[in-house]
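Q: predicted coordinates and the sequence they were generated for:
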Amino acid sequence: MSIIDNTLTGSDTSALEALLPGDPYEGRPVVMDEQAKREVRRAVLSGICVPGYIVPFGSREMPVARGWGSGGLQVTLAIGGRSDLVKVIDQGDEEGVNAVNLRRLIVGTLGSKATADTDDATIVQSRHRVPEEWMPGGSTLVLQVPQSEPLRAVEKSVYECKRRHAEGDYAKMWVALYERLSLTGIMGAGAGHPVMVHDRYLMAPSPIPRWDIPRLHQSDQLTILSHGRDKKIYAVPPYTKVEPLTFDDVPFEVEHTEGVACAKCGSTESFMVETKTHEFICSDVQFCLKVRAGVVDAARHDALVPRHYYPDPSKRVRAAAPVDPSLRPAAPSGVTAPGTDWSLKVEGLGKVFPGRRASSEVVAAADISFDVAPGEALGVIGESGSGKSTVMRVIIGDELEATGGVYVGAVGEGRTNLLSLTAPQRRRLRTNIMSVVYQNPALGLDMNISAGGNIADALIAAGWRSYHQIRRRAAELLERVEVPLSRVDDVVGQFSGGMQQRVQIAKALATDPQVLLLDEPTTGLDASVAAGVLDLLRELLAERELAVVVVSHDFSVIDALTDRAVVMKQGRIVEAGLTDQLFANPHHPYTQQLVAAARS
Amino acid sequence: MEDQNTGAPGIRTPVLEVTDLSMSFTLHAINRSVPSLDKVSFTLYEGEHLALAGSSGAGKSSLLRCVVRNYLPDSGTVLLHDGDRVTDLTALDDRSMARLRGRDFGYVSQFLNAPPRQGPLRLVTNAALRRGLSAADAGDAAAESLLKLGIEERLWDVDCSVLSGGERQRVNLAAGTVSPPRLLLLDEPVSALDPANRALALDVIESLHHQDVSVLAIYHDMGIIRRVADRVLLMENGVIAADGSPDEVLSAGHAVLDEVYA
């Protein structure tokens, strides 16, 4: 079947072999020692065992620069042998400088033969393309990877990326898709569209075109992806589910234009590139040659054509489609613990920050107890350092080590102490049970994405997967908090402080939580903007059956939002009562001081 | 005065029963305690309009505020009767008290405490909603209540903070009397009003009688007391100095009356 086999540069090593005495393999340069090969093989095996999982490995220095296929090279050298037939391509082309050099190196080191024919190849090392033709079972595709971490673009912290993989928390990637969709209207604008492998791990398929992504799904070949610079290997075993990430109601699309045919072979169903003369030709040169020679297995190729992903303009999201803030049913009612009337209870809460170096330990909160009913707002007032924010951070889970109990009616019928839950469990509660509005909008919002994207973030984390529903809900919420709909796709970082706070409030309410914590929600805003935000909060609280805790040093905020309040000093509650009574008739000396200060 | 509600003379249903209520201000800054109420006891009956009279500092407002728990009494009980159910407001937990307020009884303070950016219509509508009116009815009731007190439609959506003192007081009264609860506490509800508006306000206050609302109110005008009240409590230095019909109390020649209500 191989028709162009021996024309390949670098594949003919007979001249070299003739110069070497005895077994030509003995005298070949050793690029990788056996230990290094074992190391790579171990990583490859781990990667195959856990499809899509990124395995670190001891990436060696290679005689090619990092970024020129050093990862793929190590895998090919580690798994290849003299009997292999190796095909090396660069974006579908056998004759690219990089492909030629790598082929020479591989063939010269392994003592194997090279081939251009996908049918014959046992190993295909490729950059940015899966061969157009079917790869037989038993063959291996080695993809060179410039960025192994699929979350890198949306998450800078390596630790956070690992955590998200471990918890299967890929909301940020979905938010990036939402952002791309709201801007371009097309699902999958670039190469390397993120894929979900075996319903578990999000994977960067290397920058292959969308056309190639279905070729990883339930494939006959084994695919190994290797990132030499970052020292990472991951794999897709044969017959593994690989699905491009997309919203339920927005189809994933491959690159395909109806009626466009290759200027050389006339094929209409292959991935094409545009030439300088604005013609389209097959990106896979070998495939193009074989079509012209009439030796392509048409049935096999036909089965690979991703027709189910061909663009359907009628299903596309129009980029500038007006958003429709249609009305939703009222927020759900508050869940109280059975037999009680509270939906949030804090019991004997304590938090001690241990002493460090010369500083002694700090009791930030001690013996804090209160409960809040649905539809009720409780104020926590005190000066800076009184421990009020610590209490709030312990309740929401920003601060994990604490003593005492925090109970929520909607979690285990109010019998589960939230403080005994693991960090991932606490985080999950924040997707639909508890929300917080921070003083600083930057803590609750991603300043680099749109207002709609920030709300999408909360909804996606709670499991929403319909683009149109997400958009409708975002529009409805933003309208409710009086952010103009025309700004739904604007980057939040460019909003004013008051607008940012409104978006943060909308995000906190997006999933209709049971418990809402407000930490100095208007501090940092000027008086008139603060009054507007306060007014909005009061209305929103009146509309919902939320249990609300408002933390503030400002009596006017507490007065405007709450019926009851507790006064904190040095980590303890010194007085509790009806908010207006605390203000009109304070009993504790500290409360009297606070009131006197507020009045002056 | 005969009770008009039960039909049986002499058997009157109590609504509010205050017993030995004492209250003092503890001022930590100057390390002193200032007494305000000293063992005050009285009973307010169903449908009765009870006026509180007395000089400034006599404890009238403190008494009202202790009932709504804006002030915390030191001792004594405040019993709220509702049929057979009796609730001690001084012992009630904060959450229940917050729920009771605004729904089971209303308190109209001397000054309007309007949240920022809120117009009269919304303020009064919210008060009506708290008293259990449906969203559809609350708006109408609020509009009616405002019109009765001479707050014209052009002012309905204006921020309350830009209203005049008299307008604010009438908005406050409108919020207090919209869909009136069984018990209403009024702290000098007409003090800032000109004669014409005062007449409107008094019409509204008087009409509470026909709605079986029990009223405990502070007035500084003998004419008003004679016009609207069934009974007067005269307070002096935190105690009740006299208790009787307006004619009895006002004509008994109490020295304080001459000073204050001359």
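A: Structure received.
Q: C-alpha from now on. contacts and neighbour counts both.
A: Fine.
Q: A:V488 contacts A:A475, correct?
A: Yes: if you go by CA atoms under 8 Å, A:V488 and A:A475 touch, sitting 7.1 Å apart.
Q: where does the closest residue to B:T19 other than its chain neighbours land in three-state SS?
A: Closest residue to B:T19 apart from its sequence neighbours, by CA to CA, 6 or more residues apart in numbering or on different chains: B:S41 at 4.3 Å. Of the three states, B:S41 takes strand under DSSP: H, G, I helix; E, B strand; the rest coil.
Q: how many residues are close by B:S41?
A: 16 (other CA atoms under 10 Å in any protein chain shown).
Q: which pLDDT value goes with the residue of chain A at minimum distance from chain B?
A: The minimum distance from chain A to chain B, using CA to the nearest CA, falls at A:Q581 (4.3 Å). With respect to pLDDT, A:Q581 has a value of 93.
Q: ok, now A:R472?
A: Residue-level confidence at A:R472 comes out at 90, pLDDT.
Q: which residues touch residue 67?
A: Unless you meant another one, I'm taking chain A. A:P146, A:G228, A:R229 (CA atoms under 8 Å, 6 or more residues apart in numbering or on different chains).
Q: try chain B instead
A: Neighbouring residues of B:V67 by CA under 8 Å, 6+ apart: B:V78, B:L89, B:T90.
Q: not counting its neighbours along the chain, what's nearest A:S552?
A: A:E520 (4.8 Å).
Q: return the residues in contact with the one you found.
A: So A:E520 contacts A:Y438, A:Q439, A:V550, A:V551, A:S552, A:H553 (CA under 8 Å, 6+ apart).
Q: in TSV, list those residues along with neighbour count.
A: Listed next are the contacts of A:E520 as TSV, based on neighbours: other CA atoms under 10 Å in any protein chain shown:
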residue	neighbour count
A:Y438	22
A:Q439	20
A:V550	26
A:V551	26
A:S552	24
A:H553	23
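Q: let's have these in a markdown table, adding secondary structure.
A: Formatted as a markdown table, the contacts of A:E520 follow (three-state DSSP):
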| residue | secondary structure |
| --- | --- |
| A:Y438 | coil |
| A:Q439 | coil |
| A:V550 | strand |
| A:V551 | strand |
| A:S552 | strand |
| A:H553 | coil |
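Q: pick out the most distant pair among those.
A: Farthest-apart pair in the contacts of A:E520 is A:Y438 and A:H553; separation 13.9 Å (CA to CA).
Q: kindly export the host helix or strand of A:R104 (C-alpha atoms) in CSV.
A: Assigning secondary structure by DSSP states H and E places A:R104 in helix A:97-110. This file holds the C-alpha atoms of helix A:97-110, laid out as CSV (Å, rounded to 0.1, in the frame of the first residue of the first chain):
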residue,chain,number,x,y,z
VAL,A,97,11.8,21.1,8.6
ASN,A,98,10.8,20.1,12.1
ALA,A,99,9.3,16.8,10.9
VAL,A,100,12.3,15.9,8.8
ASN,A,101,14.7,16.6,11.6
LEU,A,102,12.7,14.6,14.2
ARG,A,103,12.3,11.7,11.7
ARG,A,104,16.0,11.6,11.2
LEU,A,105,16.7,11.6,14.9
ILE,A,106,14.1,8.9,15.6
VAL,A,107,15.0,6.6,12.8
GLY,A,108,18.7,7.0,13.4
THR,A,109,18.3,6.3,17.1
LEU,A,110,15.8,3.5,17.0
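Q: and the contacts of it?
A: A:9-11, A:13, A:25, A:28-31, A:68-69, A:73, A:76-77, A:80-82, A:86-90, A:93-94, A:112-114.
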